[in-house]
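# generate coordinates for the sequence data below:
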Amino acid sequence: MTTNLSIPTHAPDEPIKAPSKLLFLTEGGRAALGLGVYAMTHKLLKNAPKGDGHPVLVAPGFMTSDRVTVILRNFLNHLGYEALTWDLGINLGRPEYAYRMLERVEEIQKDYHSKVSIIGWSLGGVFAREVARLQPESVRQVITLGSPFRDILGQNHGRWLYDLLHGPNGINIEDELLQDMAKSPPVPTTAIYSKEDGIVNWQHCIEEEEGPLTQNIQVAGSHCGLGHNPSVLYCIAERLAQDDDQWERFDPRGLIKLLYPNLY
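Numbers count the residues shown, from 1 in each chain. Next up, the predicted model:
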């Protein structure tokens with residue numbers, strides 16, 4: 001059975017609005033400013049925890065491709081990981097991408113003889129969580145960057161483009177998949193979000209309740225700049241550096257902790 005993708009998943013009496021127009025209109029400028037901050041701090045980021053060489057798949061957001069994840073993937077490669085592209089072209093938001101990503105993860109696991117960590121930016125993170133739910137034995141952990149998994153159809157500033165591409169009635173999607181999107185996958189999962197996100201509401205990007213394998217981590221910055229945000233990059237490095245069977249919550253020490261408002 002299928003249902004229309006345009007049906008909201010949140011209770012009608014508890015609407016969550018899209019980010020303010022000011023945040024939306026300043027997204028580009030703030031992302032560019034973030035690039036400058038990255039340029040000034042990238043040498044310091046070289047001191048981030050090093051990796052063990054396991055493969056990390058990086059999935060881009062809606063209407064973007066592997067090109068936008070270059071900085072993030074280069075950073076991961078420098079730390080010693082095998083940072084890999086999703087190889088599905090532009091992310092047009094089609095539900096079948098979850099299954100195509102699953103095939104990609106299976107291919108990577110076979111090639112590297114290792115579980116795969118998945119980093120998903122925005123809508124890419126929604127698909128990453130679905131892959132981990134479908135085949136958790138292949139996924140080491142999931143990290144999402146501004147991914148509206150709590151309500152993929154909620155009010156946001158990308159919805160008009162989605163409707164333009166797919167029509168006002170959206171795409172049909174399995175009821176079970178639609179209902180499961182807000183549920184945590186059975187693998188370690190970190191949701192990184194920003195309250196200054198100008199594209200999607202940050203409340204859609206966090207676990208409603210954290211569990212033993214889930215954590216919400218707040219950073220400052222734009223949605224479009226999450227992939228080169230130094231706070232995000234350091235957090236990702238620390239998350240990925242953990243042993244596969246000893247996942248612990250992110251708990252930075254000293255002044256670094258000030259970069260993560262919800263942790264102090």
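# going by C-alpha atoms from here, please, whenever you check contacts or count neighbours.
Noted.
# got phi/psi on the residue positioned nearest the centre of the chain?
By CA atoms, centre = their mean, the chain has its centre lying nearest to residue 144, at 2.3 Å. The phi and psi torsions at residue 144 (degrees, to the nearest 10) take the values phi -110, psi 140.
# that one against residue 125, yeah?
Yes: contact criterion CA atoms under 8 Å: residue 144 and residue 125 qualify, at 4.8 Å.
# quick one: common contacting residues for the two?
residue 119 (CA atoms under 8 Å, 6 or more residues apart in numbering).
# before we move on, the earlier item: report the contact partners of the residue nearest to the centre of the chain.
Neighbours of residue 144 in contact, by CA under 8 Å, 6+ apart: 119, 120, 121, 122, 124, 125, 126, 128, 189, 190, 191, 192.
# got it, and residue 106?
Residue 106 is in contact with residue 138, counting by CA under 8 Å, 6+ apart.
# tell me how far it lies from residue 132.
Per CA to CA, to the nearest Å, residue 106 is found 11 Å from residue 132.
# show me the shaky parts of the stretch 1-150 of the chain.
1-14 (pLDDT under 70).
# do a quick rundown of the strands in it.
Per DSSP state E, counting those that start in this stretch, the stretch 1-150 of the chain carries strands over the ranges 2-4, 55-59, 82-85, 116-121, 139-145.
# run a quick neighbour tally on the closest residue to residue 185 other than its chain neighbours.
The shortest distance from residue 185 to any non-neighbouring residue, by CA to CA, 6 or more residues apart in numbering, is to residue 133 (4.8 Å). Residues contacting residue 133 under the criterion other CA atoms under 10 Å number 18.
# and residue 62, what does it touch?
90, 91, 92, 93, 122, 123, 124.
# at 7 Å what do you get?
By CA atoms under 7 Å, 6 or more residues apart in numbering, the residues touching residue 62 are 91, 92, 93, 122, 123.
# what's the answer for residue 218, then?
Counted by CA under 7 Å, 6+ apart, residue 218 has contacts 192, 193, 194, 260, 261, 262.
# closest one of the residues you listed to residue 25?
residue 194 (16.0 Å; CA to CA).
# and residue 19, how many neighbours?
For residue 19, the number of neighbouring residues by other CA under 10 Å comes to 19.
# kindly report the same for the one 10 residues further on.
The tally of other residues near residue 29 (other CA under 10 Å) stands at 13.
# can you tell me how far it is from residue 92?
Taking CA to CA, one finds residue 29 at 24 Å from residue 92.
# likewise for residue 223?
18 Å.
# show me which of the two is the more surrounded one.
residue 223 (29 against 18).
# and the pLDDT for that one?
Residue 223 carries a pLDDT value of 97.
# element containing it, please.
Residue 223 belongs to no helix or strand when elements are defined using DSSP states H and E.
# name the nearest residue to it, ignoring sequence neighbours.
residue 197 (4.8 Å).
# one more: residue 28?
Per CA to CA, 6+ apart, closest to residue 28 is residue 224, 7.2 Å.
# next, the one you found: phi, psi?
Note on residue 224: backbone dihedrals following degrees, to the nearest 10 are phi -70, psi -10.
# surely it meets residue 31?
Yes: using CA atoms under 7 Å, residue 224 makes contact with residue 31 at a distance of 5.7 Å.
# out of the two, which sits in the busier spot?
residue 224 (24 against 20).
# list the buried residues for the longest helix along the chain?
For the chain, the helix with the greatest residue count under DSSP state H is helix 27-45. Across helix 27-45, burial judged by 16 or more other CA atoms under 10 Å covers 27, 28, 30, 31, 34, 35, 38, 45.
# quick one: distance of it to the chain centre.
For helix 27-45, the separation from the chain centroid amounts to 19 Å (computed by CA atoms, centre = their mean, to the nearest Å).
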